[in-house]
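Peer 1: quick one: sequence and predicted model below, then my questions.
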Amino acid sequence: MTEVVDAHGSKIQVLIPVMLMQERLLAALQLKTTVDYLEIRLEQSESSLVSFRGPQLDAVDRNFALAGGIRACYRGGWSFVTFNNLDELKMRVETAVQQAQLVGRETTELAAVEPVEDTVRVQMGRDPRGVSLQAKRELLEHYNQLLLEADPRIQTTACSLGDTFRTVWYVNSTGTVLEQERLDVVGRFGVVARADGAVRQGFESVHSRSDFGVLEGIEERVLGAAGRALRQLEAKPVKGGQYTVVLDPYLAGVFIHEAFGHLSEADFVYENPRMQELLVLGKPISIPGLNVVDDGTVPGQPGTLVYDDEGVPTRRQYLIKDGILTGRLHNRETAGKLGEMPTGNARALNATHPPIVRMTNTGILGGQSSFEDMIQDIDDGVYAVRMLGGQTNGEMFTFAAAEGYRIAGGKLAEPLSDITLTGNVFQTLKDIEAIGTDQVWLSGGCGKGGQSPLPVAVGGPHLRIKNVVVGGR
């Protein structure tokens, strides 16, 4: 390690490679001639985590890591081998090549991609590596104490501050050579409130790709977690039935991510004959005004990256445009097999996991309606806010809203609890009645294939949907 000074005058311990990592990785590609495709990723990371559970300090961790992964493909058969010692790199590459040769029985089909050589740096604000663990602990303890003292009905908390700075070197046998930096700074704040036998939860999270300073001076946002839980203690359970429902931007984004975004991942489509029948490109799939994108280029969002983990440039991909199914998400293999263009959606949790088809920042684009116009003619409806939990099963979904309100006479009325929304995603897309102008992006994490939580963003405006089945208590 070596010591450098950041823009704020703080000293930072930085891991420096003994030699240029790219040179060592390129030298290890010499066995490419015995397979159809070979790639090597090496990741160097530095991270810290401070967490409280209730009044107790739960963890203070700092971690340095160097690890990598090798993928080889031969006659359509893939192998994946990890390593954490550069001295073993050549041997690990040989192992990956041999394993791919053992399983390959068909034809390798990878969409062609123009090779690139590039370096991507973080545009840094306040570097979390220059902030001591003691300072991070004191900051989190301050926020945690605010939540514990917010109301006597707050029973416990679960709060954490985490940051990870990583450098990933990537080379492949088609000529791509990349070095990409990434910073993730995350604050998570949760509370549990209890009164008269009822137990409610509230959450808030803050994320930045460039600046530890985003976690400072956020008392009001942190207390929002307590406010959500306390309001739910006073809410009445919704009466089950069929309603016109308005989703807030966060729940609209989660809905489109979970219920539709995963269906758009081409590995799922390729392996599922029923989805191939339902998800035919060019087919009308929703109301004409709906536009859904997956966009890895949105500045500053958790799912944003210049190149994916196969070295493919990211882009804005329309999944639905003006109500028509226009695209899906690909890695190089699914694009090759389906005869479509790669979209830059091959992502891995870290270098010890193989890249698979994953979303980046997925959301509904803004429409024409204001929130006030959206609810003004609803006599008896439900306003559902954020998400507490949920599940999907193919085209069916069930989501539990974190909080909600009755809509009566065109205005928000009393708070409601125990709101679950159930339906078929394809029917729901056709039952949308209004799309708000207020589209926003919100940070999140996604799980798939044992890789969780992968940083993503969900986006949306307010969304009005008719005939939604709402379950209550």
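Peer 2: Good, I have the coordinates. Numbers count the residues shown, from 1 in each chain.

Peer 1: which residue ranges of this protein form helices?
Peer 2: Ranges of helices in the chain, per DSSP state H, are 21-27, 89-103, 133-148, 219-233, 249-255, 266-270, 273-278, 332-338, 371-375, 425-430.

Peer 1: which of these sits closest to Leu66?
Peer 2: helix 21-27 (9.5 Å; C-beta to C-beta). (C-beta placed from N, C-alpha, C; glycine too.)

Peer 1: any weak-confidence spans in the protein?
Peer 2: Where the chain drops to pLDDT under 70, the residues are 1-20, 31-32, 472-473.

Peer 1: returning to that earlier point: could you redo the helices of the chain as CSV and give each row distance to Thr164 and mean neighbour count?
Peer 2: Below are the helices of the chain laid out as CSV (distance: least, C-beta to C-beta, whole Å; neighbours: other C-beta atoms under 10 Å):
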stretch, distance to Thr164, mean neighbour count
helix 21-27, 18, 17
helix 89-103, 24, 18
helix 133-148, 13, 17
helix 219-233, 21, 19
helix 249-255, 23, 26
helix 266-270, 26, 20
helix 273-278, 34, 12
helix 332-338, 27, 21
helix 371-375, 36, 18
helix 425-430, 33, 18
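
Peer 1: could you export the ones you listed as a markdown table, including distance to Arg41?
Peer 2: Below are those laid out as a markdown table (distance: least, C-beta to C-beta, whole Å):
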| stretch | distance to Arg41 |
| --- | --- |
| helix 21-27 | 8 |
| helix 89-103 | 12 |
| helix 133-148 | 29 |
| helix 219-233 | 35 |
| helix 249-255 | 29 |
| helix 266-270 | 19 |
| helix 273-278 | 30 |
| helix 332-338 | 15 |
| helix 371-375 | 44 |
| helix 425-430 | 34 |
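
Peer 1: strands along the stretch 251-400 of the chain, start to end?
Peer 2: Using DSSP state E, counting those that start in this stretch, the strands assigned to the stretch 251-400 of the chain run over residues 292-295, 316-321, 324-325, 346-347, 356-357, 361-364, 380-393, 396-408.

Peer 1: between those strands, which one is nearest to Leu463?
Peer 2: strand 361-364 (6.8 Å).

Peer 1: centroid-wise, who is the farthest residue in this structure?
Peer 2: Distance from the C-alpha centroid of the chain, by C-alpha atoms, centre = their mean, peaks at Gly409 (37.2 Å).

Peer 1: measure Glu277 to Phe80 for me?
Peer 2: 31 Å (C-beta to C-beta, to the nearest Å).

Peer 1: same check on Gly444?
Peer 2: Gly444 is 26 Å from Phe80, by C-beta to C-beta.

Peer 1: likewise for Ala59?
Peer 2: From Ala59 to Phe80 the distance is 30 Å (C-beta to C-beta).

Peer 1: tell me which of the two has more neighbours.
Peer 2: Phe80 (16 against 11; other C-beta atoms under 10 Å).

Peer 1: residues contacting that one?
Peer 2: Gly69, Ile70, Arg71, Ala96, Pro354 (C-beta atoms under 8 Å, 6 or more residues apart in numbering).

Peer 1: out of these, flag the one nearest to Ile378.
Peer 2: Nearest to Ile378 among those, with distances taken as C-beta to C-beta, is Pro354, at 47.5 Å.

Peer 1: does that closest one touch Ala348 like I think?
Peer 2: Yes. Using C-beta atoms under 8 Å, Pro354 is in contact with Ala348, at 6.2 Å.

Peer 1: overlap in contacts of the two?
Peer 2: Counting by C-beta under 8 Å, 6+ apart, the residues touching both Pro354 and Ala348 are Gly69.
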